[in-house]
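1. the sequence isn't on hand, but the structure is:
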């Protein structure tokens with residue numbers, strides 16, 4: 001981890017050096033200039049159409065809030081500045097640097113149009129982040145008399161001229177223009193392109209491994225951020241803005257709405273990364289902080305109302321951001337894995353945001369760029385390294401799980417290399433090594449399956465039928481039946497994440513823990529029993545990252561106790577009504593209780609489960625299974641699904657448990673015909689005699 005942060009530090013330092021170096025120029029802001037900061041006049045009539053239009057003195061502070069001078073804050077305002085050419089600039093090529101102008105402008109010198117940016121109605125579109133650099137033709141300059149600079153500015157709820165405008169030598173003006181363009185648009189365009197590449201890369205990672213949702217959320221974060229940043233770099237894209245896409249809807253979607261969607265996705269990324277879940281109430285509250293402001297924004301009738309909404313919509317960003325910080329803080333206090341690097345990864349945004357508030361809102365340095373966007377870009381880079389470090393760690397752990405197999409293969413390879421007297425001899429030894437490996441794998445399969453019941457027990461009051469079908473080799477599914485004589489005590493069904501030798505070893509370890517906990521204290525509350533199993537697995541498993549989902553059934557006469565830890569739903573079939581219902585949703589016997597809880601076997605994760613109790617009468621049946629049954633797909637890519645499991649189980653007839661199981665498996669085999677199963681399959685049917 002230390003090496004990761006060292007690498008990150010060098011990358012950021014190199015990036016900053018590159019950025020500052022790119023700003024260097026042989027031209028500097030010195031020499032004679034004609035400052036345009038003060039002495040402006042304004043008029044609300046077009047002076048080119050009405051020669052009697054009267055200009056009034058524009059207060060110096062008003063140049064940042066021109067909308068206050070225009071009726072209803074909508075329309076055009078004309079600014080005029082008269083000046084003479086100083087001796088140091090006579091005979092030189094001149095240009096006007098006007099900085100950033102909100103929203104759009106048409107600029108004239110001595111009645112001749114020298115430049116324009118943005119679009120006026122009816123296709124209005126702001127160019128507020130585009131620096132103005134207009135070359136002045138020599139033929140229109142009056143070097144020995146008075147010159148008149150007139151700017152028509154279109155105002156819609158906002159209007160301003162910032163960045164210390166002036167007239168000077170063309171090379172000097174171009175330097176000022178390039179510097180501001182770099183900091184306000186080009187740097188954002190570069191990072192937006194980088195974020196799109198990063199997003200697509202992590203989308204590919206998620207497609208390759210669908211369970212690693214942090215890659216999907218990180219992809220969405222990058223794409224959404226690049227779209228939001230388009231308000232800064234849109235003018236850098238050739239042909240944009242066109243003026244035909246409504247400016248109001250562009251502002252609604254990209255500038256106003258996306259900032260409320262982003263914290264929600266960031267929270268999902270943090271939750272997934274830290275292996276935590278929000279409860280339903282918290283999720284609904286978080287969704288409210290997204291939906292409410294976005295709906296209000298989309299219904300804004302005009303840009304002025306949209307800007308006015310910021311006074312109450314922007315504060316709605318604070319609770320989601322505070323919850324993200326709270327989540328990271330709690331994770332750090334609990335010392336959850338990778339929580340501190342994740343918190344440090346978000347720190348550049350906090351620092352940059354405080355800097356923006358200080359510089360722009362407190363001291364009023366409006367000509368300076370906003371550093372929050374740069375801070376967020378640094379966050380993206382930091383999170384990229386954090387995810388890369390996790391990927392590297394996971395790969396090392398996977399290699400550790402297979403170390404014994406690798407040692408055997410390495411040993412055989414060395415022996416073959418040392419005794420490679422002939423190609424025939426080498427092939428014979430390689431074949432021997434393969435047979436040894438197959439024998440070892442068969443031994444592992446036999447050892448694992450010897451841990452599991454080969455057949456269902458014969459019981460007085462209950463019938464059990466089950467199907468256990470490993471995908472290949474050792475299995476990640478585990479099941480067990482607990483009984484005393486011919487009296488059923490309970491059933492356990494668990495599924496270990498992953499496949500192969502590693503998950504197979506975890507199943508055998510976990511089965512021992514489950515059996516010990518279930519039989520040692522038959523009177524313990526079933527919720528506490530699941531928590532003891534979780535603690536035992538965490539202690540025995542160590543740092544291996546495999547986790548489990550599972551369920552427990554405890555039987556006492558007609559009463560059944562049930563608890564679920566992240567496992568697929570159990571379905572109850574009533575012999576009386578011939579209907580099937582999810583145990584969590586419709587509790588048989590009217591008993592209440594919670595639904596599925598968190599997964600088990602993850603160090604530091606609180607296990608929130610609550611069991612339920614219900615009664616079963618003669619002919620009533622339960623079906624429990626691992627996710628292969630519900631998630632398997634047919635040739636068309638359609639999922640079998642839990643709803644289908646419920647319908648098929650309901651239609652399985654009034655026979656014994658075995659007939660019901662056979663019916664479900666027959667329908668399942670028909671559905672998946674021609675498609676190889678991609679997971680271990682375990683299905684258990686329990687029926688009251």
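-> Alright, I've got the coordinates. Computed from a predicted structure; not experimentally measured.
2. show residues contacting stretch 324-336.
-> Applying C-beta atoms under 8 Å, 6 or more residues apart in numbering, the external contacts of stretch 324-336 come out as 263, 266-267, 270-271, 274-276, 339-340, 342-343, 346, 604. All C-beta atoms are positioned from the backbone trio N, CA, C, and that covers glycine.
3. quick check: the two most widely separated of those residues?
-> Farthest-apart pair in the contacts of stretch 324-336 is 263 and 604; separation 24.6 Å (C-beta to C-beta).
4. tell me which of those two has more neighbours.
-> Legend: neighbour count by other C-beta atoms under 10 Å for residue 263 and residue 604, higher for residue 263 (21 against 14).
5. so which strand or helix has the more buried one?
-> Following DSSP states H and E, one finds residue 263 within helix 258-273.
6. centre of the chain to that helix, how far?
-> Chain-centre distance of helix 258-273: 6 Å, with C-alpha atoms, centre = their mean, to the nearest Å.
7. which strands or helices does it pack on?
-> helix 213-228, helix 280-298, helix 318-333 (3 or more C-beta pairs under 8 Å, 6 or more residues apart in numbering; DSSP states H and E).
8. what's in contact with it?
-> The list of residues contacting helix 258-273 from outside it, by C-beta under 8 Å, 6+ apart, reads 213-214, 217-218, 220-221, 224-225, 227-228, 277-278, 286-287, 289-290, 293-294, 297, 313, 316-317, 320-321, 323-324, 327-328, 338, 342, 390.
9. where are the low-confidence patches of this protein?
-> Applying pLDDT under 70 to the chain flags residues 1-31, 243, 360-361, 364, 366-370, 394-395, 397-410, 412-413, 415-449, 585-597.
10. if we can go back for a sec, can you tell me which of the contacts of helix 258-273 are classed as buried?
-> The neighbour-count test (16 or more other C-beta atoms under 10 Å) marks 214, 217-218, 220-221, 224-225, 228, 277, 286, 289-290, 293-294, 297, 313, 316, 320-321, 323-324, 327-328, 338, 342, 390 as buried among the contacts of helix 258-273.
11. Validate this expectation: residue 653 resides in a helix.
-> No. Assigned with DSSP: H, G, I helix; E, B strand; the rest coil, residue 653 falls outside any helix and is coil.
12. okay, now it: neighbour count?
-> 11.
13. got a list of what it touches?
-> 659-660, 663.
14. okay if I get the residues you listed as TSV plus neighbour count, distance to residue 46 and secondary structure?
-> Formatted as TSV, these follow (neighbours: other C-beta atoms under 10 Å; distance: C-beta to C-beta, whole Å; DSSP: H, G, I helix; E, B strand; the rest coil):
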residue	neighbour count	distance to residue 46	secondary structure
659	16	90	helix
660	24	86	helix
663	17	84	helix
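15. closest to residue 622 out of the residues you listed?
-> Nearest to residue 622 among these is residue 660, at 10.1 Å by C-beta to C-beta.
16. any idea how far the closest one is from residue 575?
-> Distance of residue 660 to residue 575, given as C-beta to C-beta, to the nearest Å: 11 Å.
17. what touches both of those two?
-> By C-beta under 8 Å, 6+ apart, the residues touching both residue 660 and residue 575 are residue 621.
18. skip the chain neighbours and tell me the closest residue to the residue nearest in space to the middle of the chain.
-> Geometric centre of the chain, nearest residue: residue 217, 1.9 Å, by C-alpha atoms, centre = their mean. Excluding the flanking residues, the one nearest residue 217 by C-beta to C-beta, 6 or more residues apart in numbering is residue 269, at 3.8 Å.
19. count of neighbours near that neighbour?
-> So residue 269, with other C-beta under 10 Å, has 23 neighbours.
20. what does residue 521 give?
-> With other C-beta under 10 Å as criterion, residue 521 counts 12.
21. who's in contact with it?
-> With C-beta under 8 Å, 6+ apart, residue 521 has these contacts: residue 529.
22. ok, now how distant is residue 336 from residue 497?
-> Distance of residue 336 to residue 497, given as C-beta to C-beta: 18 Å.
23. apologies, that question was intended for residue 76.
-> Relative to residue 497, and taking C-beta to C-beta, residue 76 is found at 64 Å.
24. show me what the lengthiest helix in the chain is packed up against.
-> As assigned by DSSP state H, the longest helix anywhere in the chain is helix 372-401. Judged by 3+ C-beta pairs under 8 Å, 6+ apart, helix 372-401 is in contact with helix 2-22, helix 187-208, helix 213-228, helix 339-356, helix 501-520.
25. returning to what we had before: tell me which of the helices and strands packed on helix 258-273 lies nearest to residue 671.
-> Across the helices and strands packed on helix 258-273, residue 671 has its closest neighbour in helix 213-228 (27.0 Å, C-beta to C-beta).
26. other residues contacting whichever helix or strand comes after that closest one?
-> Remark: after helix 213-228, the chain's next helix or strand is helix 230-233, criterion DSSP H and E. Contacting residues not belonging to helix 230-233 are listed as 129, 184-186, 188-189, 192, 251, 254-255, 373 [C-beta under 8 Å, 6+ apart].
27. again with stretch 208-228
-> The contact list for stretch 208-228 (C-beta under 8 Å, 6+ apart) reads 191-193, 195-196, 198-200, 202-203, 205-206, 254-255, 258-259, 261-262, 265-266, 268-269, 272-273, 376, 380, 383, 387, 497.
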